[in-house]
Each structure stands twice: as structure tokens, then as C-alpha cells.
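**Q** Okay, structure incoming, though there's no sequence with it:
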């Protein structure tokens, strides 16, 4: 899967580096000074690089925990995110990462303990109320687990944090170590979802919707709180029927008490980001529908956004408590 691994000089002897390298005994290994000299190179082609990404093992030195974008949250007033990894195994056509990064290579930061320290500091600095930390903003929280071991070390940290919730955003059906652990009620496993017909075209390399639904059903049965994320809502021919079938299939198998939260949001891009993604994939069906630009944001426009949001809410009304449903209006 990974032929080339770049390794920062300062983490050559890090125990986590050694573990990751042991997974790829035949890989070509190149020592570098800092990950930016590879990851931030100009004139890289994200589309071509995505066919065979390299792995970069690095140490992060700042910005371990950041405030979540405005409009991003599931009920708590204070929301933060952290990214132990940049880029994703999957190749979803609407993903903002392809418009934000020039490189499709994976960056894995091995100094997890520095993230944990900053998480605890963030909780101390926000002395009142609950805080939600989001993982999976710049990567998929579960997809790289067999290599990174991120969850295996992170979940025990959060089990001791009384005022903090952790959301693991994912499309992965890689369920370990979740299935082998006792469920934590402050850890929400949140699956990104869309109708199967759309996912087949747009969620390249990601598990099918039917496999994701089967995975979340297993986790719900085990006792893990489940998040359903309809973000972004994708407009298409016969979209109402597609989303209705999706919602029905989810609610048929999920006990109401297992659903921690549901969030939904429109497809939106900052203008510059949209231009970068469109240049990479000008012939994609996603961009065949006329998009509108207003105040530097490219979207379907308020009319379609409101229609799709209202329809989804109508499907959930009377089935899921309204205090579990949240609109996400972040720009990506």
C-alpha cells in the first residue's frame, strides 16, 4: 500500500516510528529534516499523487488543539479539533483537503502525548461546561488505525476526562479497538453518510454505505454512542427518494437510544478552494450542477440548501428527538 516513507531525523528513534516502520518492511525510506520540505512543495499534482501516496512520519510542534470552525458542533458551546494526521486514505470528490493541500501524501505525527497534554490544558483553560473535541477533521479517525494505533492510545485518555467528549468522524469499517473495549459514553463514533447511489460515484476508495451501516449497527449493539453525519448534503436527480431510503434504512436498524446526535450541512467551498478542486476534476458529475458564488462561498444557493435541510428534518421529525439534531454550517 505504501512504497515510500519519509521520516524526520528527530523521530528516527521514537518508539511509535519503529512500530509504524515495522508494518512496511519493504518500503523505501528517506530521512528528511522537516515534513514541510516534502508536504509543502509547490508544483505537486494532488490528483496524480493520490494514486500512490507516500507516508511522512513527523513530529508536530504547535497547534495541537485548535478551535473548531464557527458553526461546527453537536450541542456543546466549546468545540475544538485536533489532527494527528493530514490527508485520508479515501478519495472523496467533495473533500476539502484536495483544495487545501498541494500534496496527497499522508502525514502522521507520532508524538501523540503532546496532543494529550494540550487537550488536558484546553480543558483546564475552559473551566465550566462540557467540551467536545473532534478527531477526523483533516483525516479519517479510524481508517489508518491498523498502522497508527491512534485510537488504542487515545481512548483510555478520554475515559478519564469527565467534562470532555470525543467525536471520531469516519467512513471506515475498521472497528478495532472499539469492539474489543468497553464502550465509552463520552466517545461518539460518527459516520459520514449519503445515499448509496451517490457514494458509489463520489466516495472513491471508501467502504460502501451498506457496509458503513452494518458497522455502525455493530457498534450500537455493543453500546457505543453513534453519530449520523449527513454532511454534505448532495443534490442530484431524485435526491428526495434517495435520502428518504437512506434515513429509513438507518432508523430501522438503530435503536433510538443509541443515536447520540445527527448533524447535516450543505455543500459549500471557499471560492479559491472550489477553483482548485474543479481544476483537478473538471469532468466530475459533482460539478455538473450549476453552483453559485456569494460572499466568497460557492454553493448550491440558499434555495436548494433550505429545501434539502427541510426535507431531511421532515424525515427525522417524530422519530428522533429534536435536541439530538444539529445543523453544521462550516464552510467545508
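**A** That came in fine, so what should we check first? All of these numbers come straight from a predicted model, not from anything done at the bench.
**Q** Going by C-alpha atoms from here, please, whenever you check contacts or count neighbours.
**A** Noted.
**Q** Distance-wise, check the closest residue in space to residue 73 that isn't next to it in sequence relative to residue 203.
**A** In space, and not counting its chain neighbours, residue 73 is closest to residue 79: 6.4 Å by C-alpha to C-alpha, 6 or more residues apart in numbering. Residue 79 sits 27 Å away from residue 203, going by C-alpha to C-alpha, to the nearest Å.
**Q** excluding its backbone neighbours, what's nearest the residue nearest to the spatial centre of the chain?
**A** Centroid-nearest residue in the chain: residue 136, 3.4 Å away (criterion: C-alpha atoms, centre = their mean). Distances taken as C-alpha to C-alpha, 6+ apart put residue 169 closest to residue 136, at 4.8 Å, once the chain neighbours are dropped.
**Q** What are the boundaries of the helices in the protein?
**A** 15-22, 36-39, 46-49, 97-100, 112-125, 145-148, 150-159, 196-202, 209-222, 239-253, 271-280, 302-316 (DSSP state H).
**Q** Look at residue 42 and report its pLDDT.
**A** Looking at residue 42, its pLDDT is 81.
**Q** Verify the contact between it and residue 102 for me.
**A** Yes: under the criterion of C-alpha atoms under 8 Å, residue 42 makes contact with residue 102 at 7.0 Å.
**Q** Comparing the two, which shows the higher neighbour count?
**A** residue 102 (19 against 10; other C-alpha atoms under 10 Å).
**Q** any idea how far the more buried one is from residue 231?
**A** Per C-alpha to C-alpha, residue 102 is found 24 Å from residue 231.
**Q** same question, residue 167
**A** Counting by C-alpha to C-alpha, the gap from residue 167 to residue 231 is 15 Å.
**Q** same thing with residue 115?
**A** 26 Å.
**Q** cool, residue 253 as well?
**A** From residue 253 to residue 231 the distance is 21 Å (C-alpha to C-alpha).
**Q** who has more neighbours, these two?
**A** residue 231 (20 against 14).
**Q** Could I get the contacting residues of the more buried one?
**A** Taking C-alpha atoms under 8 Å, 6 or more residues apart in numbering as the criterion, residue 231 is in contact with 192-193, 263-267, 328.
**Q** which among those gets closest to residue 305?
**A** Taking C-alpha to C-alpha as the measure, residue 305 lies nearest residue 266 of the contacts of residue 231, at 6.0 Å.
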